[in-house]
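Trainee: Okay, here's the prediction I keep looking at, along with the sequence it came from:
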Amino acid sequence: MLAGISLVLSVQPSLLLASVLAACCSGCATVSTLPHLDMTIGPIAARAAIGPSYENTTMLSQQTCDQIADLSRLCEHTLSSPLDIDALTLAVSEQAKLLLSHRVNTLNGEEPAALYGWIEHQALQTEINLWLDHTGFDGLGTNGLSAESQKAFLTGLIQLGLPESALTCIGRGQQTEDAPALDLLRGKALSALGQPEAAISCYLALSASNPDDHTPYFHLAGEYLRLGRHADALDAFDHVISKQPTLPGPWHNKGVCLYQLENFDEAVTCFEKACELSPAFAGSWIALGKCYLSLGSLLQAQTALEHALTLGEPHAELYKTLGLTAKAQGQLETAAQYLNQALEKMPDEIGLFLARAECLVGISQYQLALQDLAKLKIIEPYNVQSCALEFECLFALQRYAEAERCYYFLQGMHPKATEQYDEHIAVIRSHANIATQSVNHVDVSTESDVCA
């Protein structure tokens with residue numbers, strides 16, 4: 001129940017959360033006046049110009065191709081010039097082939113499937129680093145581009161999953177100048193690399209040098225929350241709210257912190273404030289609905305969640321919470337429909353299979369419920385609740401032999417769990433006795449015929 005409420009990463013949540021570019025370009029009003037930067041020169045273009053050796057080498061995953069396309073759009077929005085997608089794709093593909101040949105040789109052909117994704121990431125990282133080094137990116141505006149546009153670009157790199165490249169540029173700039181803005185970006189990059197303690201050090205240094213700036217405290221609170229330091233996170237969020245009470249991000253993230261502490265009443269207050277300040281941000285409405293669901297306030301949960309449905313493309317977590325709310329209200333068919341939609345978007349969410357199976361059993365869709373329980377059984381073969389549901393399905397379908405085996409398996413796991421099925425097992429045994437008597441009757445009749 002406590003999973004699924006996400007932090008927002010800026011004090012003012014973007015209304016287009018799916019668009020990295022919208023977040024990157026906020027505050028970069030002068031992008032159209034930036035000098036044109038020729039992205040077709042340098043290592044990428046030079047290596048792509050080799051020609052025939054690059055034919056049929058672009059077997060990159062769709063994820064990497066999408067990342068390259070996003071990167072080109074980022075360049076266009078923040079630097080007023082796109083990357084050459086074809087040249088970069090070819091260069092990354094060639095670099096990936098080279099890395100793969102080295103790794104496969106060392107692994108003797110037993111490489112894991114995850115290796116390919118890692119190799120493509122490293123190849124893209126290498127090519128981007130070469131290009132950034134060639135163009136002299138340092139976040140300070142020393143290569144003909146404004147510092148503001150460079151910072152927006154580096155922020156975009158972090159959000160696109162390329163924090164290593166951003167960190168390289170930031171380190172280059174910090175060797176030249178001690179710029180607080182670079183410290184903030186450094187903290188974000190370290191956070192994206194999974195180094196919260198290092199990120200905290202950056203944010204603490206920034207907050208100490210400028211205690212009136214709320215931004216370091218906002219990011220500091222997020223790192224504390226990721227480390228489970230809830231008291232420190234609440235203090236930092238309160239500091240931000242005291243400085244900027246009209247920013248929705250701190251209210252939302254404070255609500256996440258309180259939700260994790262199961263302080264749902266106070267979390268509701270925070271999410272309601274976030275919804276008031278940013279009514280078009282669906283994330284806060286979903287979080288508010290989850291809090292109401294946890295409190296058992298089902299009508300309020302339904303109202304908040306249905307409002308979130310009106311705000312754009314629904315999130316998987318929204319479908320999930322709508323399904324659980326409908327299930328709690330006894331609206332099992334509606335719940336199953338919402339859970340179907342949730343599982344289409346998050347097929348690895350094992351708990352949803354159990355929730356949907358419960359709904360399907362409630363509306364007598366036993367065969368479909370068994371399909372969900374079979375998937376769950378692969379992951380959690382000793383789950384008492386799913387085993388009990390399986391018994392109910394098999395019994396309802398009059399598959400008594402299978403139901404009896406399931407009954408004894410359940411009894412072995414949890415003897416008290418079978419107490420509610422005393423009447424069921426009596427029915428199964430009576431059917432077994434009838435079947436045995438029928439067989440014996442046939443055997444006796446056959447023997448009489450032989451004797452005659």
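Mentor: Good, I have the coordinates.
Trainee: which parts of the strand or helix carrying residue 327 are buried?
Mentor: Here residue 327 is covered by helix 316-328, with elements defined by DSSP states H and E. Residues 316, 317, 318, 319, 320, 321, 322, 323, 324, 325, 326, 327 are the ones in helix 316-328 that count as buried (16 or more other Cβ atoms under 10 Å). Every C-beta, even on glycine, is put in place using the N, C-alpha and C of the backbone.
Trainee: What of stretch 298-316?
Mentor: So for stretch 298-316, counting by 16+ other Cβ under 10 Å, buried means 298, 300-302, 304-305, 307-309, 311, 314-316.
Trainee: Could you dump those into JSON lines and include distance to residue 345, secondary structure and pLDDT?
Mentor: As requested, the buried residues of stretch 298-316 are exported to JSON lines (distance: Cβ to Cβ, whole Å; DSSP: H, G, I helix; E, B strand; the rest coil; pLDDT from 0 to 100):
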{"residue": "298", "distance to residue 345": "23", "secondary structure": "helix", "pLDDT": "97"}
{"residue": "300", "distance to residue 345": "25", "secondary structure": "helix", "pLDDT": "97"}
{"residue": "301", "distance to residue 345": "20", "secondary structure": "helix", "pLDDT": "97"}
{"residue": "302", "distance to residue 345": "20", "secondary structure": "helix", "pLDDT": "97"}
{"residue": "304", "distance to residue 345": "20", "secondary structure": "helix", "pLDDT": "97"}
{"residue": "305", "distance to residue 345": "15", "secondary structure": "helix", "pLDDT": "97"}
{"residue": "307", "distance to residue 345": "20", "secondary structure": "helix", "pLDDT": "96"}
{"residue": "308", "distance to residue 345": "15", "secondary structure": "helix", "pLDDT": "96"}
{"residue": "309", "distance to residue 345": "14", "secondary structure": "helix", "pLDDT": "94"}
{"residue": "311", "distance to residue 345": "16", "secondary structure": "coil", "pLDDT": "93"}
{"residue": "314", "distance to residue 345": "9", "secondary structure": "coil", "pLDDT": "80"}
{"residue": "315", "distance to residue 345": "8", "secondary structure": "coil", "pLDDT": "89"}
{"residue": "316", "distance to residue 345": "4", "secondary structure": "helix", "pLDDT": "92"}
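Trainee: Identify, from the residues you listed, the entry nearest to residue 175.
Mentor: Set against residue 175, the nearest of the buried residues of stretch 298-316 by Cβ to Cβ is residue 315 (41.7 Å).
Trainee: Looking at the buried residues of helix 316-328, spot the one nearest residue 219.
Mentor: Among the buried residues of helix 316-328, and counting by Cβ to Cβ, the member closest to residue 219 is residue 317, at 23.4 Å.
Trainee: what separates that closest one from residue 260, distance-wise?
Mentor: According to Cβ to Cβ, to the nearest Å, residue 317 stands 15 Å off from residue 260.
Trainee: try residue 202
Mentor: 24 Å.
Trainee: Would you mind telling me which of these two has more residues around it?
Mentor: residue 202 (24 against 16; other Cβ atoms under 10 Å).
Trainee: which non-adjacent residue is nearest that one?
Mentor: In this structure, residue 202 finds its nearest non-sequential neighbour in residue 187, 3.5 Å apart by Cβ to Cβ, 6 or more residues apart in numbering.
Trainee: Could you check how far residue 402 is from residue 370?
Mentor: For residue 402, the distance to residue 370 - Cβ to Cβ - is 10 Å.
Trainee: Pull up the overlap in contacts between those two.
Mentor: Common neighbours of residue 402 and residue 370, counting by Cβ atoms under 8 Å, 6 or more residues apart in numbering, are residue 394.
Trainee: These two: who's more crowded?
Mentor: residue 370 (20 against 15).
Trainee: Work out for me the element residue 67 sits within.
Mentor: helix 62-79.
Trainee: Show me what that helix is packed against.
Mentor: Secondary-structure packing of helix 62-79 (3 or more Cβ pairs under 8 Å, 6 or more residues apart in numbering; DSSP states H and E): helix 20-24, helix 85-107, helix 114-135, helix 147-159.
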